[in-house]
Each structure stands twice: as C-alpha cells, then as structure tokens.
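Asker: Pasting a predicted model and its sequence here:
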Amino acid sequence: MKNGILALFLCFLLANCTPKEEEIYTPIPYNINIPTLFQEKLIDPIIPTTNPLTQEGVALGRKLFFDPILSGDGSQSCATCHNPKNAFSDKRQFSPGIEGKFGTRNVMPLFNLAWNFDEKFAWDGKDFSLERQAFEPVTNPIEMHANWQNVTERLQRHPEYPLLFEQAFQTLKIDSTLVTKALAQFERTLISGDSKFDKFLRGETTLTTEEQNGFDVFMDEAKGDCFHCHGSNNNPLWTDNKFHNNGLDSSFSDLGLGAVTGDPADNGKFKSPSLRNLAFTAPYMHDGRFATLEEVINHYSEGLQFSSTIDPLMKKVNQGGVGLSAKDKANLKAFLLTLSDTNFVQNTSFQE
C-alpha cells in the first residue's frame with residue numbers, strides 16, 4: 001500500500017517537473033487595405049484559403065522580394081526588374097537576367113493583383129495563380145537562373161529566415177512552396193487606388209477641361225472607344241484582365257495566348273494591362289515597342305494592323321484606326337495621366 005502511494009507521489013512530481021511543450025506561434029491576420037471605390041464597384045479580392053494573408057507572411061514575402069538570395073549567383077532580386085518606383089515594372093524594354101541574357105517581353109507592373117478574377121497571370125496567361133507565377137522566374141535560365149534546392153538550402157542556413165518561416169507558416173522546413181506563398185502574400189498587398197481620377201470620383205478634386213475631354217474621348221465609341229478592354233469609372237482596375245489582339249502586327253513572332261492554349265484563334269492575343277500608373281510604366285505593350293504614350297495613342301489612331309485573330313473591338317482596323325484629331329490625342333493623354341498614383345510608388349510599405 002505504502003509503495004503504491006509512493007509511486008503515485010513520484011509520478012505527480014515528475015508530471016509537474018516535465019517542461020511544458022513550446023506554444024505554437026500563431027501568425028496575425030493581415031487586414032488588406034481596400035480602397036473605397038474598389039469596395040463600391042468590385043467584388044472581394046481573391047485570397048486563397050490555402051494561403052491567407054498574415055502580417056508575418058506579408059513581411060516575409062516583402063523581405064524575399066527584395067533579397068537577391070533567390071537568384072543563382074545572388075546578384076538579382078525580384079525587385080531588380082519589378083522596381084517599386086516604376087510601379088513594379090522596368091523602364092528597360094527587356095530586362096537582362098543574371099547572365100546578361102534578355103527575354104522578348106517587357107516586365108509587367110505589379111498592383112491590384114488580388115482582383116485578377118480569372119487568376120491568369122503574365123502577358124500570355126500561362127501562370128494560374130500568383131503562387132505559380134512567382135515560381136518560374138527563379139529557375140528561368142534567362143532570368144534568375146537558380147535551382148530551387150540550392151535556394152531553399154541557402155534560406156535554411158540563413159541566420160534569420162528559418163525563424164521568419166516558422167512564424168509565418170509554423171514550420172522550420174523551408175521549401176519552394178512556402179517561398180512562393182510568401183511572395184504572393186506580399187504581392188496581394190500591392191494596391192493602387194489613389195490617383196487623381198480616384199480623388200475626382202470621390203469628390204476630392206476636379207479635372208481640368210483637357211482631362212475631362214480626354215475621358216470623354218476614352219469613353220466615346222466613335223472616338224477612342226477604349227473602355228471595352230480598359231475599364232471605366234465603373235471599373236477601377238482599368239483593365240478587363242482579358243486577352244486581346246489589339247492590331248500590333250499582321251503576323252506574329254510571339255504567339256502570346258495562342259502558345260499557351262494551342263488554339264490558333266488565340267495567336268497574337270495578350271493580356272490588357274491596367275492603365276493605372278502609365279506615368280511610371282513606360283515602355284508600353286507586351287514587347288515594350290512604344291516608348292511614349294503618344295506612340296500608343298497613335299497606334300490606335302492610325303497604326304492598326306489587320307490579322308486573322310484581330311479583336312472585333314478593333315472596329316476601324318480597315319481604316320488603320322479610330323482617326324483621332326491632334327486635340328483629341330492631347331486630351332486623351334491628359335486623362336490617362338490622371339490614373340497615375342504617386343502615393344503608390346512612394347509607399348514605404350512596398351519598398352525595401
């Protein structure tokens with residue numbers, strides 16, 4: 001009897017002396033800052049249930065975005081080509097990778113990505129989801145040209161990253177899936193919604209006569225007829241996020257969407273980019289062929305090229321374009337520049 005009581009007492013002592021298991025760190029939800037006009041005119045942004053936004057995940061993604069550790073030789077980061085000052089685009093027509101090789105497409109700007117409801121990213125829509133989009137440039141031989149195993153091993157040996165990944169994803173084991181999840185979380189916070197035209201729609205400022213006339217040209221089907229692909233005052237994304245052949249060429253060296261789908265009817269189709277932040281994102285088009293907004297406007301006015309997959313919205317292709325007057329062109333440019341968001345490119349939350 002005494003021995004039984006003693007054994008129970010010892011068990012009680014041992015149970016109370018055993019160190020408690022470490023508490024699992026719970027990341028803090030990140031409250032995305034949705035602009036008023038987006039709340040009024042758009043459905044909710046796409047935030048995957050498999051990758052919810054957290055303060056720790058966003059912070060980790062931001063650190064990774066600016067860290068050249070993801071490239072093969074440690075010389076380039078995501079931000080090398082996606083510069084915050086250029087609305088996360090590149091002023092160069094084509095961006096060189098770590099070995100000085102050039103691609104054939106201009107870098108797309110990064111903002112309002114959580115409202116790309118079809119979840120097709122890149123000029124040709126080849127990447128389904130932001131997570132997948134973030135995966136490919138790391139290994140692409142003309143971009144960062146790294147090996148994911150080497151990258152994750154570097155991150156695993158790093159003095160800071162293991163703890164940051166543990167806090168964001170509750171694991172000490174770093175892999176490419178978690179890296180791209182963190183990058184995608186950061187990219188979903190890149191929201192641009194405070195341009196002069198946004199302020200005008202909110203009743204906080206007025207447009208000049210030229211800017212208002214330019215908006216009228218933009219919306220007029222007999223003039224600019226721009227709104228079908230690029231949105232309007234009722235679509236603050238200023239893109240339909242669809243793919244169009246906008247009459248750049250009569251034949252194609254780059255098939256665009258057609259190379260992804262394998263459908264010849266998609267040849268020469270590329271994603272309509274947002275018209276936000278045009279003041280910062282030159283050059284323009286998928287191949288950066290136009291250095292100025294004037295060249296872009298001239299293309300639609302008198303430079304359209306017919307091909308078998310030309311978009312039906314290019315209704316005046318047989319006349320070469322919509323034939324804008326010099327005044328209409330100047331006014332249209334003035335309006336387009338009201339869509340640029342200086343606060344976005346100066347936001348320190350989006351910088352290193």
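Answerer: Structure received.
Asker: and Ala114, how many neighbours does it have?
Answerer: Using other C-beta atoms under 10 Å, Ala114 has 22 neighbouring residues. In this view, the C-beta of every residue, glycine as well, is placed from N, C-alpha and C.
Asker: For the nearest residue to it once chain neighbours are set aside, which residues are in contact?
Answerer: Among residues not flanking Ala114 along the chain, Pro45 sits closest, at 3.5 Å (C-beta to C-beta, 6 or more residues apart in numbering). Contacts for Pro45 (C-beta atoms under 8 Å, 6 or more residues apart in numbering) come out as 32, 34, 38, 114-115, 188.
Asker: Against Val345, how distant is Pro45?
Answerer: Pro45 sits at a distance of 21 Å from Val345 (criterion: C-beta to C-beta, to the nearest Å).
Asker: Gly214 too?
Answerer: Gly214 sits 22 Å away from Val345 when distances are taken as C-beta to C-beta.
Asker: re earlier: of the contacts of Pro45, which belong to helices?
Answerer: Within the contacts of Pro45, residues falling in helices by DSSP state H are 38, 188.
Asker: what about burial for the contacts of Pro45, which qualify?
Answerer: Neighbour-count burial (16 or more other C-beta atoms under 10 Å) applied to the contacts of Pro45 gives 38, 114-115, 188.
Asker: Closest to His286 out of those residues?
Answerer: Of all those, His286 sits closest to Trp115, with 20.5 Å by C-beta to C-beta.
Asker: Report the helix or strand with the lowest average pLDDT across this protein.
Answerer: helix 2-17 (a mean of 48; mean pLDDT, DSSP states H and E).
Asker: Could you identify the pair within the buried ones among the contacts of Pro45 that is furthest apart?
Answerer: By the measure C-beta to C-beta, Phe38 and Arg188 form the most distant pair in these, at 13.0 Å.
Asker: what about Ser129, how many neighbours?
Answerer: Counted with other C-beta under 10 Å, Ser129 comes out at 18.
Asker: now swap in Val138 and tell me
Answerer: When neighbours are counted by other C-beta under 10 Å, Val138 registers 21.
Asker: cool, the one 5 residues further on as well?
Answerer: The criterion is other C-beta under 10 Å. On that basis, Glu143 has 23 neighbouring residues.
Asker: In the stretch 151-300 of the chain, mark out all the helices, start to finish.
Answerer: 161-169, 176-188, 196-201, 209-219, 227-230, 257-261, 293-302 (DSSP state H, counting those that start in this stretch).
Asker: hey, C-alpha coordinates of the third one in CSV?
Answerer: As requested, the backbone C-alpha atoms of helix 196-201 are provided in CSV (Å, rounded to 0.1, in the frame of the first residue of the first chain):
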residue,chain,number,x,y,z
LYS,A,196,-6.1,62.0,-59.3
PHE,A,197,-9.1,60.3,-61.1
ASP,A,198,-9.8,58.3,-58.0
LYS,A,199,-9.9,61.5,-56.0
PHE,A,200,-12.1,63.1,-58.6
LEU,A,201,-14.6,60.2,-58.3
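Asker: Quick check: buried residues in that helix?
Answerer: For helix 196-201, by 16+ other C-beta under 10 Å, it's 196-198, 200-201.
Asker: So which of Gly214 and Val345 has more stuff around it?
Answerer: Set Gly214 next to Val345 and count neighbours by other C-beta under 10 Å: Gly214 wins out with 25 against 21.
Asker: tell me the contacts of the more buried one?
Answerer: By C-beta under 8 Å, 6+ apart, the neighbours of Gly214 are 330-336.
Asker: Show the model's pLDDT score for it.
Answerer: What the model reports as pLDDT for Gly214 is 98.
Asker: What distance do you get for the residue nearest to Ala114 to Asn233?
Answerer: 20 Å.
Asker: likewise Leu183?
Answerer: 32 Å.
Asker: of these two, who's got more company?
Answerer: The neighbour comparison of Leu183 against Asn233 (other C-beta under 10 Å) goes to Leu183, with 25 against 16.
Asker: And the more buried one, how close does it get to Asp287?
Answerer: With C-beta to C-beta as the criterion, Leu183 and Asp287 are 25 Å apart.
Asker: Excluding sequence neighbours, find me the nearest residue to the spatially most central residue of the chain.
Answerer: The residue lying closest to the centre of the chain (C-alpha atoms, centre = their mean) is Leu110, at 2.9 Å. Closest residue in space to Leu110, ignoring its immediate chain neighbours: Phe88 at 3.7 Å, by C-beta to C-beta, 6+ apart.
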